[in-house]
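J.: whatever this is, show me its structure:
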Amino acid sequence: MKASLHILAFAFLLLAGLRPAGAQAPLIADLDDHLIAITTGFAGADVLLFGTTDGPGDVIVVVKGPAADVEVLRKERVGGIWINRKGLGFQNVPAVYMLAASKPLEELLPADQRAFYQMGIENVRMTPVSPDDTDLKTFTTALVRAKQHNGLFSDLPARILFIGDRLFRVNLRVPSTVPTGTYLAEVYLVRDQKVVGAQTTPLVISKVGFGADIYDFAHRHSAAYGVIAVLVALFAGWMAHLAFRRR
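T.: Model prediction:
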């Protein structure tokens, strides 16, 4: 079924590319699926992004979101015990950041343009609560490293493949640790070290099934969920106690 969708998608793009030049946008792009359903045992997913251009050029894709406030804590050893001694907050930190390009970014755009479009982990805008903190660089590095360790910030751009001069595709790997929310896939067409076309398409990641019901109940009725969790734990412990007594 998935393969059939891919064939239909590329057939659509081929027809779009045959339209008269005056009626065609510089860039047309889409995802094979705009919804990723997180169920029990979710181990990540692959998303196909495909598109066509109105002529030769290169393509860069940036996927990020949803933004949230994050606090980075630094532990220090005091009296043989590791405790949190200092923290620094950041605002508007994307939960996930993925990047794809048809060529190395340095060959496609100058540094100021890459910074403007947030292309590359070093250009992701994360607003520190205390911008004058002397340890800002240390905390920023720690935040990015933690995101990379959890697979939420891609270390290297995925490779965008062209079929001919106009059709392109790239497979984006969504990690199993991805949080729910609405993400944006920003697609840029580049020529002569300038962005000449852009398009944004949404990607929704949502819990479904029994796991989603539990998640929703826990957030709507946190007190009741806590009581039930304690009771279930006590019951499980009691049952385990009975099982061991019979041996």
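
J.: count of neighbours near residue 77?
T.: If you count neighbours by other Cβ atoms under 10 Å, residue 77 ends up with 9. C-beta here means a position set from N, CA and C on the backbone, and glycine is covered the same way.

J.: got it, and residue 203?
T.: Neighbour number of residue 203 under other Cβ under 10 Å is 21.

J.: list the contacts of it.
T.: 31, 34-36, 47, 63, 182-185 (Cβ atoms under 8 Å, 6 or more residues apart in numbering).

J.: could you redo the last one with a cut-off of 7 Å?
T.: The neighbours of residue 203, taking Cβ atoms under 7 Å, 6 or more residues apart in numbering as the test, are 31, 34, 47, 183, 185.

J.: give me the beta-bridge partners of residue 58?
T.: As for beta bridges, residue 58 partners with residue 190 under DSSP bridges.

J.: how much space separates the residue nearest the centre of the chain from residue 103?
T.: Nearest to the mean C-alpha position of the chain, by Cα atoms, centre = their mean, lies residue 96 at 3.1 Å. Relative to residue 103, residue 96 is positioned 23 Å away (Cβ to Cβ, to the nearest Å).

J.: report the distance from stretch 94-113 to the chain centre.
T.: 15 Å (Cα atoms, centre = their mean, to the nearest Å).

J.: on that earlier part again, tell me which of the contacts of residue 203 is nearest to residue 90?
T.: residue 183 (18.8 Å; Cβ to Cβ).

J.: just the pLDDT for that closest one.
T.: pLDDT recorded at residue 183 is 93.

J.: quick one: contacts for it?
T.: By Cβ under 7 Å, 6+ apart, the neighbours of residue 183 are 63-66, 96, 203, 205.

J.: again, only using 10 Å
T.: 34, 36, 47, 63-66, 94-98, 174, 201-205 (Cβ atoms under 10 Å, 6 or more residues apart in numbering).

J.: now which of those residues would you call buried?
T.: Buried by 16 or more other Cβ atoms under 10 Å: 36, 47, 63-65, 94-98, 174, 201, 203, 205, out of those.

J.: looking at the residues you listed, point me to the pair that's furthest apart.
T.: Checking those with Cβ to Cβ, the most distant pair is 95 and 201, at 17.9 Å.

J.: re the thing from before, can you redo the buried ones among the contacts of residue 183 as TSV with secondary structure and pLDDT?
T.: Formatted as TSV, these follow (DSSP: H, G, I helix; E, B strand; the rest coil; pLDDT from 0 to 100):
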residue	secondary structure	pLDDT
36	strand	89
47	strand	92
63	strand	94
64	strand	93
65	strand	88
94	strand	93
95	strand	92
96	strand	93
97	strand	95
98	strand	94
174	strand	89
201	strand	92
203	strand	93
205	strand	90
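
J.: tell me the one of those residues nearest residue 125?
T.: Distances from residue 125 to those, taken by Cβ to Cβ, are shortest for residue 94, at 8.9 Å.

J.: contacts only, for the residue lying closest to the residue nearest to the centre of the chain once chain neighbours are set aside.
T.: Closest residue to residue 96 in three dimensions, ignoring its sequence neighbours and counting by Cβ to Cβ, 6 or more residues apart in numbering: residue 152, at 5.0 Å. By Cβ under 10 Å, 6+ apart, the contact list for residue 152 reads 94-98, 146, 175, 177-179.

J.: just residue 135 next, same as before
T.: So residue 135 contacts 72, 74, 86, 88, 142 (Cβ under 10 Å, 6+ apart).

J.: can you do 7 Å?
T.: With Cβ under 7 Å, 6+ apart, residue 135 has these contacts: residue 88.
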